[in-house]
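J.: Kindly generate the corresponding structure for this input.
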Amino acid sequence: MYQVTVVADARADVDELLDQFPGIFDIRIVSIQEVVRSSPGAVTLFDIDLNKTAALPSLAEWFRRKPPSAKAIFLVDKASHLQRSRASSLGATDVLLRPFNGRELVTKLLGDVRSLSDDPANDVIRESPAVCVAVNSLRDIFSSACLGAELDTQSVKAAGDQIVSHVEARGIAAWIETVRTHHSATYQHCLLVTGLAVAFGQQIRASQADRQRLSLAGMLHDIGKARIPLAILEKPGRLTNDEMDVMKKHPQFGLDALATAAGLPSEMLDMVIHHHEYLDGSGYPHGLGGGEISDLVRMVTIADVFGALIERRSYKPPLSNADAYAILVEMGPKLDKDLVRAFRPVTNLHLSH
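T.: Below you'll find the model as predicted:
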């Protein structure tokens, strides 16, 4: 969870304020007297009366100690230029208008997750009903995770069923060519992994129920990325080490997001938290190895790695299927060798690059 310190004075309605916070925030309520004695945290939200000036000198001292990367956001009345001016002079990084809406705070801190799905100019995707269903389902998945709402599991399962039918009828190559046109690298990756997981199940002659299970796994595996700031998630270049450390939190964020999901098998939670684990213990977040990693996780990990290698990014062209598969083989003890071998026919595709 993201920790947010809320500074409230006597005028603030604390209960009403707390009702507006999505479940992704760990909230700490403090008084002005308490905050000025503490070290500034990553995010501080001020709901105080800026028309009163008595506390402003001590707050100014607190702001002088605030790290440049820390965010300090003030709630201000819409018509009050004075409040905006005083917040700005103190060093506010942003303001929100009263009445407070938690969705707006999420957007300030993480970016607008809806921008990932909005792509009205993409005729290629719009002409594929199954891909449209998948994109809409991803939008709902990411929105629920970002805002701390309960996931509509049945709706995601229904979308997964359509994906299975489409891949079986049209083939994985057509699916890949279509979803690689999506403007969002995050959505493109999720859609690629979902199609590859379904095709993998088809290749090993898994039951229809298991193919649907793989489709659901593909759709949900990166749900935690909804809680990664968009500036990192959709960065056009390579991530720095610090940004990569943030990105590596997404499996835990995903598990947190699904904590209240109804009707979701426990194996899906295992897959979400562990799809970056490797058999040799070198993965994250728990460094699992060997028999600690289930077959579902092993299959999704293979699809995840291969999907990342063949997706289109602004800073790198996609690898050919042969080169991407060669990397899977070169990963040796990290991946299940028998499953990598079984995955090979899925990669025998004629794709444009």
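J.: any weak-confidence spans in the stretch 101-250 of the chain?
T.: Segments of the stretch 101-250 of the chain classed as low confidence (criterion: pLDDT under 70) are 120-121.
J.: Strands of that one, start to end?
T.: Per DSSP state E, counting those that start in this stretch, the stretch 101-250 of the chain carries no strands over any range.
J.: what ranges do the helices span in the stretch 1-150 of the chain?
T.: With helices called from DSSP state H, counting those that start in this stretch, the stretch 1-150 of the chain shows them at 14-19, 32-36, 56-65, 81-90, 102-110, 123-126, 129-147.
J.: and those, which is most packed in?
T.: helix 129-147 (a mean of 21; mean count of other Cβ atoms under 10 Å). (Each C-beta comes from the backbone N, C-alpha and C, glycine too.)
J.: what's the angle between that helix and helix 102-110?
T.: Taking axes from the mean of the first three to the mean of the last three Cα atoms, to 10 degrees, one finds helix 129-147 and helix 102-110 inclined to each other by 90 degrees.
J.: just checking, what packs against helix 129-147?
T.: Helix 129-147 sits against helix 102-110, helix 123-126, helix 153-170, helix 172-179, helix 185-203, helix 208-220, helix 250-257, with contacts defined as 3 or more Cβ pairs under 8 Å, 6 or more residues apart in numbering; DSSP states H and E.
J.: Can I get it in CSV, CA atoms only?
T.: In CSV, the C-alpha atoms belonging to helix 129-147 read as follows (Å, rounded to 0.1, in the frame of the first residue of the first chain):
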residue,chain,number,x,y,z
PRO,A,129,-14.7,-8.2,-31.2
ALA,A,130,-12.6,-10.6,-29.0
VAL,A,131,-9.7,-8.2,-28.7
CYS,A,132,-12.2,-5.4,-27.9
VAL,A,133,-13.7,-7.5,-25.1
ALA,A,134,-10.2,-8.3,-23.8
VAL,A,135,-9.3,-4.6,-23.8
ASN,A,136,-12.5,-3.6,-22.0
SER,A,137,-11.9,-6.3,-19.4
LEU,A,138,-8.4,-5.1,-18.8
ARG,A,139,-9.7,-1.6,-18.3
ASP,A,140,-12.1,-2.9,-15.6
ILE,A,141,-9.3,-5.0,-14.0
PHE,A,142,-6.9,-2.1,-13.8
SER,A,143,-9.6,0.3,-12.6
SER,A,144,-10.6,-2.0,-9.8
ALA,A,145,-7.0,-2.5,-8.7
CYS,A,146,-6.2,1.2,-8.9
LEU,A,147,-9.2,2.4,-7.0
